[in-house]
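Enquirer: sequence and predicted structure, then a few things I'm wondering about:
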Amino acid sequence: MTKVDVVLGLQWGDEGKGKVVDVLTPNYKAIARFQGGPNAGHSLKFGGEEFVLHTVPSGIFRENSINIIGNGVVIDPVILMDEIHKIEAKDGDISKKLLIAKRAQLILPSHRMLDAASEAAKGASKIGSTLKGIGPAYMDKTGRNGLRVGDILAENFKEKYNALKEKHVGMLSLYPDFTYDNSEYEQKWFAAVEELKRFSFIENEVLVNQYINDDVAILAEGAQGSLLDIDFGTYPFVTSSNTMAAGVCTGLGIAPSKVGKVFGIFKAYCTRVGSGPFPTELFDDMGEYLRQAGHEFGATTGRPRRCGWLDMVALKYAVMMNGVTDLIMMKSDILNDLDTIKVAVGYKQDGKVIDWFPYDGAENIEPVYQEFKGWKSDICGIRDYESLPQEFKDYVAFIEKETGVNVRIISVGPDREATIVR
Ligand code: IMO
Ligand code: MG
C-alpha cells in the first residue's frame, strides 16, 4: 500500500509547478491533475525546448508515465486536443499514457461566453479571469446541470449539449451589451470531442485506489495556488475550485488517509495575475525589476504579472492549510543581484500588527518587513546546497524556522537540470 503525494502552489499560482512535477516524475508512475482546467499554464523546459501545458499533467513527456486528468478537472476539448496535437508532434501517439476521467466536467463554448460576459459586466471589479469558462463550468457542476466526459459517449449527447447551451443563451441575454458569435468555436469543439474518443475515459477513483493498493507511486499535480482557493483564498478574487490539498481527495477519489507527502511550492518572491489583494505588491522600480528579471508574464494569457516580496504571513497560512511536509523554493536566482531582500512577517491593520491571514484576504493592511542581505552572486550553476552563499542559506533557514518545514528542493533556473535537491 502506498499513498498519493501531492505537489501544489502555495501562493497565487505560477509558482513553477510544471517544472517541479517534471523533475519529480522519475519517482512516480502516475501523475494526476485533480482540479482546475485550462486556466492553468504549467511550463516545462528541457533539451532547449519549452512547453506549456494547460490540462495535460506535467508527467506526459516522461517515458512510461501514466497521466490522469481527474474527475475534479474541467475540460475544454478544443484546448485539450490542441495540447495533445503539440505533444504528439514531438513524442508520437500518447493515447496509451493519457487517461481522462468520465466524471470530469466539460467546458462548453457557451461557458466561455458566460465568463466573458460576467467579467465585462463587473467592470472595474472584475476578477481578472483567464476567460476559459472555468467559473461557469464549475457553477453548472455544483448546480447539477453540467455535462461530463462520460456523456460524450451517450447517444443523446447532442441533445444534452443543446439543452445546456439553450440555458446559457438565455442567461447571456441578461447581458444586452455583450455580443458574441462562437459558431466557429462550436464547430472546433465538436471536432475535438469526436477526436477525444480515441482516449480512454475511465473511473479514475477505481484506478487510483487500485494503484494505491498495488504500491504504484502517484503524484497529484495541483493547479493555481492556495491563495486562489475557492474557500480559503482571497475571495471573490479566486478561482472556482479547491486548490488546496483537500481537493485531492474529492478531485481524484481518495480518502484523506491516503494522502502522503505534500510538496508546497513557492517563489522566493511573490506574483499575482488578475485582480485582488496582494499585501506585498511593489509598484516601484523593484516590482518592475522582478517582472523583467523573472519573465513574469502569464503562460496562459501573456498578461504582465504583479510582483512583490515574499509574504511569510500568507506562506505560513498556506503551509498550515495544506499540511505541507516539504517545501520547494523556485526562482531563487531572480534575486541574485539584489543588495537587500525583504520579507513580510506581519500585517499592520487598524494600528495593530497581526500575524495571520485575514478573512478579507488582507485588504487594507500594511506589511511589516524584515530585511535580509542579498547574496549578490550568480547561483544558477550551483547544484549542491553546501556550495550556496551563506546569505542564501540564511534566507532559507529563516523560511524553515518560520514555517517549521524543510526546504527540500531549490530551483536556480528554468531548466530541468537547474535544480538543487537536498
Ligand atoms: P497555474 O496553474 C495564476 C487566476 C486568474 C484570476 C483568477 C480566476 O498556471 O498556476 P479563472 O480563470 O480561474 O476564472 O481566474 O485566478 N488564475 C491563475 N493565476 N496561475 C494560474 O494557474 C491561474 N489560474 C487562474 O488570473 O485572477
Ligand atoms: Mg501558470
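Expert: Done, it's in. Numbering: from 1, shown residues only. Ligands and ions are numbered 1, 2, ... in the order given.

Enquirer: element containing the residue in the stretch 151-300 of the chain that ligand 2 sits nearest to, please.
Expert: Going by Cβ to the ion, ligand 2 is nearest to Ala299 of the stretch 151-300 of the chain, at 4.5 Å. For glycine as for every other residue, the C-beta is placed from the backbone atoms N, C-alpha and C. Counting by DSSP states H and E, no helix or strand carries Ala299.

Enquirer: which residue sits closest to it, ignoring its sequence neighbours?
Expert: Gly41 (3.1 Å; Cβ to Cβ, 6 or more residues apart in numbering).

Enquirer: OK, contacts around Val412?
Expert: 332-333, 379-382, 418-420 (Cβ atoms under 8 Å, 6 or more residues apart in numbering).

Enquirer: actually Gly36, not the one I wrote
Expert: Gly36 sits next to 73-74, 134, 222-224, 239, 241, 243 when contact means Cβ under 8 Å, 6+ apart.

Enquirer: got it, and Ala220?
Expert: 4-8, 31-34, 70, 248, 251-252.

Enquirer: if you rank those by neighbours, which is first?
Expert: For these, the largest number of neighbours (other Cβ atoms under 10 Å) sits with Phe34, at 33 neighbours.

Enquirer: pretty sure that residue contacts Gly70?
Expert: Yes. In this structure, Phe34 is within contact of Gly70 by Cβ atoms under 8 Å, at 4.5 Å.

Enquirer: what sits in contact with each of these two?
Expert: By Cβ under 8 Å, 6+ apart, the residues touching both Phe34 and Gly70 are 220, 251-252.

Enquirer: sorry, back to before: so which of the contacts of Ala220 are in strands?
Expert: 4-8, 31-33 (DSSP state E).

Enquirer: pull the most distant pair out of these.
Expert: Spanning the widest gap among those are Asp5 and Arg33, at 14.1 Å by Cβ to Cβ.

Enquirer: quick one on the thing from earlier: just send the ones in strands among the contacts of Ala220 back as JSON lines, with distance to ligand 1 and pLDDT too.
Expert: Converted to JSON lines, the ones in strands among the contacts of Ala220 look like this (distance: Cβ to the nearest ligand atom, whole Å; pLDDT from 0 to 100):
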{"residue": "Val4", "distance to ligand 1": "19", "pLDDT": "98"}
{"residue": "Asp5", "distance to ligand 1": "18", "pLDDT": "98"}
{"residue": "Val6", "distance to ligand 1": "14", "pLDDT": "98"}
{"residue": "Val7", "distance to ligand 1": "11", "pLDDT": "98"}
{"residue": "Leu8", "distance to ligand 1": "9", "pLDDT": "98"}
{"residue": "Ile31", "distance to ligand 1": "14", "pLDDT": "97"}
{"residue": "Ala32", "distance to ligand 1": "15", "pLDDT": "98"}
{"residue": "Arg33", "distance to ligand 1": "10", "pLDDT": "98"}
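
Enquirer: between the residues you listed, which is nearest Lys258?
Expert: Closest to Lys258, out of all of the ones in strands among the contacts of Ala220 and judged by Cβ to Cβ, is Val4, at 5.8 Å.

Enquirer: so which bits of this protein are right by ligand 2?
Expert: By Cβ under 5 Å from the ion, the residues of the chain that approach ligand 2 are 14, 41, 299.

Enquirer: pLDDT check: weakest of those?
Expert: On pLDDT alone, Ala299 ranks lowest of the residues of the chain next to ligand 2, at 81.

Enquirer: residues contacting Ser245?
Expert: Ser isn't right for residue 245; it's Ala. Contacts of Ala245 by Cβ under 8 Å, 6+ apart are 6, 8, 259, 262, 321-323.

Enquirer: report the separation between the residue nearest to it when sequence neighbours are not counted and Lys261.
Expert: Excluding the flanking residues, the one nearest Ala245 by Cβ to Cβ, 6+ apart is Asn322, at 4.3 Å. According to Cβ to Cβ, to the nearest Å, Asn322 and Lys261 sit 11 Å apart.

Enquirer: which neighbours do those two have in common?
Expert: Shared contacts of Asn322 and Lys261, counting by Cβ under 8 Å, 6+ apart, come down to Val6.

Enquirer: of those two, who's got more company?
Expert: Shown here are Asn322 and Lys261; by other Cβ under 10 Å, Asn322 has more neighbours (26 against 16).

Enquirer: what's the pLDDT at that one?
Expert: 98.

Enquirer: please shift the residue numbers so they start at 47 in all later answers.
Expert: With the count now opening at 47, the last piece we talked about shows up as Asn368.

Enquirer: wouldn't it be in contact with Leu54 here?
Expert: Yes. Under the criterion of Cβ under 8 Å, Asn368 makes contact with Leu54 at 6.4 Å.

Enquirer: identify the contacts common to those two.
Expert: Common neighbours of Asn368 and Leu54 (Cβ under 8 Å, 6+ apart) are 272, 290-291, 308, 310.

Enquirer: of the residues you listed, which belong to strands?
Expert: Using DSSP E, the subset of the shared contacts of Asn368 and Leu54 located in strands is 308, 310.

Enquirer: closest one of the shared contacts of Asn368 and Leu54 to ligand 1?
Expert: Ser272 (10.7 Å; Cβ to the nearest ligand atom).

Enquirer: report the contact partners of that closest one.
Expert: Going by Cβ under 8 Å, 6+ apart, Ser272 touches 54-57, 278-279, 289-290, 363-364, 367-368.

Enquirer: please apply the same query to Met127.
Expert: Per Cβ under 8 Å, 6+ apart, neighbours of Met127: 238, 241-242.

Enquirer: next one: Ile456
Expert: Contacts of Ile456 (Cβ under 8 Å, 6+ apart): 374-375, 378, 431, 434, 442, 465-466, 468.

Enquirer: ok so, going back, Serialize the contacts of Val458 to TSV and add fields for distance to Ala147 and neighbour count.
Expert: Below are the contacts of Val458 laid out as TSV (distance: Cβ to Cβ, whole Å; neighbours: other Cβ atoms under 10 Å):
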residue	distance to Ala147	neighbour count
Ser378	36	24
Asp379	37	21
Ile425	41	19
Cys426	39	13
Gly427	42	10
Ile428	41	20
Ala464	33	19
Thr465	30	19
Ile466	35	20
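
Enquirer: can I get the host helix or strand of Glu230 in CSV, CA atoms only?
Expert: Using DSSP H and E, Glu230 maps to helix 229-242. Output of helix 229-242 as CSV, limited to C-alpha atoms (Å, rounded to 0.1, in the frame of the first residue of the first chain):
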residue,chain,number,x,y,z
SER,A,229,-20.2,29.2,-34.0
GLU,A,230,-16.7,28.7,-35.3
TYR,A,231,-15.5,27.7,-31.8
GLU,A,232,-18.5,25.4,-31.5
GLN,A,233,-17.5,23.6,-34.7
LYS,A,234,-14.0,23.1,-33.4
TRP,A,235,-15.4,21.9,-30.1
PHE,A,236,-17.4,19.1,-31.7
ALA,A,237,-14.5,18.0,-33.8
ALA,A,238,-12.3,17.9,-30.7
VAL,A,239,-15.0,15.9,-28.8
GLU,A,240,-15.0,13.4,-31.6
GLU,A,241,-11.2,13.1,-31.6
LEU,A,242,-11.1,12.8,-27.9
